[in-house]
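>>> Have a look at this prediction, sequence included:
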Amino acid sequence: MRVFLFLLALSFITGFLTASIGDQLQYPTGAVSAQKASPQNWIAQEQIRVYPDHVRIEIEGARWARFAPTGSMDPVLDQGAHGIQIVPQYPEQIAIGDIITYRHQGRSIIHRVVDIQYDVHGLYYTLKGDNNPEPDPVRVRFEDVERILVAIIY
């Protein structure tokens, strides 16, 4: 009888702990098309504090960003979305899948890194708007990169 009660209590505790952890995880479902590279995880869970009346994200050198309604990054970045960006310190910080802002012909453009290559001038990034049919026609050098998007707030 003691063994039975112990096993019953153990399964209750295990189920409770599993349910508590499972409540925090969300699993997307549905048909999956070709896998796309996602941005790196720039913000560790320990940097995020959620309180009943506010949220605090501890990011060194963070900058607030707003986005023009061009449609090139729909549905990820759309009118009304806001972002948190950081300035990269070195080229290797940027990976395929990251969304970066770069300067081109006097304008700031924000697109996703789809490839990283080298040529005679060194490292360059190929970028593409998620909603654009073709990559951007420019090789983006690290010195052209202004910021990396680390959070999106809708």
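In hand now; what should we look at? Residues are numbered from 1 along each chain as shown.

>>> counting contacts, what elements does the helix or strand residue 147 falls within pack onto?
Secondary-structure assignment from DSSP states H and E places residue 147 in strand 145-153. Counting contacts by 3 or more CB pairs under 8 Å, 6 or more residues apart in numbering; DSSP states H and E, strand 145-153 is packed against strand 63-66, strand 82-86, strand 99-104. All C-beta atoms are positioned from the backbone trio N, CA, C, and that covers glycine.

>>> quick one: which of the ones you listed is nearest residue 133?
Comparing those by their distance to residue 133 (CB to CB), the top pick is strand 99-104, with 18.1 Å.

>>> residues in contact with the lengthiest strand in the chain?
For the chain, the strand that runs over the most residues, judged by DSSP state E, is strand 107-119. The list of residues contacting strand 107-119 from outside it, by CB atoms under 8 Å, 6 or more residues apart in numbering, reads 37, 39, 65, 67, 72-73, 77, 94-103, 123-130, 132, 135-136, 139, 146, 149.

>>> between the helices and strands packed on strand 145-153, which gets nearest to residue 43?
Between residue 43 and the helices and strands packed on strand 145-153, the shortest separation by CB to CB is 8.5 Å, and it involves strand 82-86.

>>> quick one: residue 133 from residue 97, how far?
Note on residue 133: its distance to residue 97, by CB to CB, to the nearest Å, is 19 Å.
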